[in-house]
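>>> Give me coordinates for this.
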Amino acid sequence: MENSKRHFDNLHDYHEFLGLPEPEHPLISVFSSSLDASCIGGDFVLSTDFYAISLKHIIKGDIYYGRTKYDYKNGSLLCTGPRQEIKISRLDVKSDARTIIIHEDFIRGTNVQKAIERANFFSYAINEALHLSPREEALVKGVFDILEQEYQQNHDAFSKDIMVSQLNTLLTYTERFYQRQFQQRLETPDMSLTETFFSVLRDLPKDHIPTVEAIASTLAMTPRYLSDGLKVETGKTALENIHLHQIEQAKNLLLGTKDSVATIAYELGFDYPQYFSRLFKNKVGKTPTQYRNEHFH
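Below is the predicted model of the structure:
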């Protein structure tokens with residue numbers, strides 16, 4: 001399995017890979033497993049055609065993601081989407097996990113499909129997992145219990161509706177607890193995410209417009225996790241914060257220099273001054289020239 005890629009498009013093969021019994025349903029699976037990953041040799045990349053929600057509780061050992069070691073002493077909820085690649089590297093962990101695997105076809109046309117599509121946390125990286133308090137973990141386990149009971153018993157006309165309803169509840173809890181996690185980060189004495197974001201933004205090269213992706217990469221985050229965290233702290237997305245930063249820089253140059261609007265646009269990294277002028281008017285309500293004429297004395 002050294003440096004290999006494995007992709008699974010059906011539950012049968014995935015269960016077989018995990019050493020689990022045949023799934024009870026072709027499109028959804030709920031199971032508990034104990035992982036002793038120290039027996040996994042080498043690196044490999046795993047992807048599926050499923051949504052997966054996994055409640056992990058580490059008994060012993062650590063998870064390493066890249067060069068960073070993560071503390072999973074409390075329960076952690078991992079959400080992954082179809083075709084999201086997870087690299088397993090230098091893994092040395094023993095854990096208990098409860099997992100729900102949902103094939104895309106199971107939720108097509110249901111309200112939970114729309115809820116999942118709106119849920120950014122299915123695009124977060126592993127190191128952005130939701131860390132649960134004991135009370136939160138108990139609530140999540142309660143939903144897992146109901147889903148597992150429905151999954152294990154004979155399916156009838158009500159089974160899917162009940163499971164879809166419980167999945168919606170689980171997604172709502174996840175959204176709420178992520179909001180709590182972002183809020184707690186804001187209240188810690190360390191540098192806030194917003195301060196870190198603008199520190200990185202100010203240090204980026206000025207020869208092109210800064211992007212959310214570049215800042216997220218510097219902070220070892222996914223763009224969506226970064227943007228969601230900033231939304232909680234500032235009420236604005238990462239892109240909106242970048243635009244506001246650019247506009248403030250533009251105002252300084254408009255009033256602090258005699259450079260042309262085009263020169264200022266290029267200095268701020270815009271390839272097209274017309275785009276800079278449209279963005280400025282959209283955010284400020286007047287063109288750069290109007291702003292300069294009204295404020296320059």
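>>> Going by C-alpha atoms from here, please, whenever you check contacts or count neighbours.
Will do.
>>> for the helix or strand containing Q184, what is the average pLDDT?
Assigned by DSSP states H and E, Q184 falls within helix 159-187. Taken as a whole, helix 159-187 carries a mean pLDDT of 89.
>>> what's the following helix or strand after that helix?
The helix or strand immediately downstream of helix 159-187 is helix 193-203, counting by DSSP H and E.
>>> What's the separation between D96 and P82?
With distances taken as Cα to Cα, to the nearest Å, D96 is found 23 Å from P82.
>>> before we move on, the earlier item: now do the helix holding Q184 and helix 193-203, the angle between them.
Angle, helix 159-187 to helix 193-203, by axes from the mean of the first three to the mean of the last three Cα atoms, to 10 degrees: 70 degrees.
>>> Show me what counts as buried in helix 159-187.
For helix 159-187, the buried set under the neighbour-count rule, 16 or more other Cα atoms under 10 Å, comprises 160, 163-164, 166-168, 170-171, 173-175, 177-179, 181-182, 185-186.
>>> Kindly export the helix or strand containing H12 (C-alpha atoms) in PDB.
In this assignment (DSSP H and E), H12 forms part of helix 11-18. The C-alpha trace of helix 11-18 is given here as PDB (Å, rounded to 0.1, in the frame of the first residue of the first chain):
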ATOM      1  CA  LEU A  11     -20.300   0.500   0.200                       C
ATOM      2  CA  HIS A  12     -19.600  -3.200  -0.300                       C
ATOM      3  CA  ASP A  13     -16.000  -2.700  -1.400                       C
ATOM      4  CA  TYR A  14     -15.400  -0.100   1.300                       C
ATOM      5  CA  HIS A  15     -16.700  -2.300   4.100                       C
ATOM      6  CA  GLU A  16     -14.500  -5.100   2.800                       C
ATOM      7  CA  PHE A  17     -11.500  -2.700   2.900                       C
ATOM      8  CA  LEU A  18     -12.300  -1.800   6.500                       C
END
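>>> quick revisit: how far off centre is the helix holding Q184?
Centroid separation for helix 159-187 versus its chain: 14 Å, with Cα atoms, centre = their mean, to the nearest Å.
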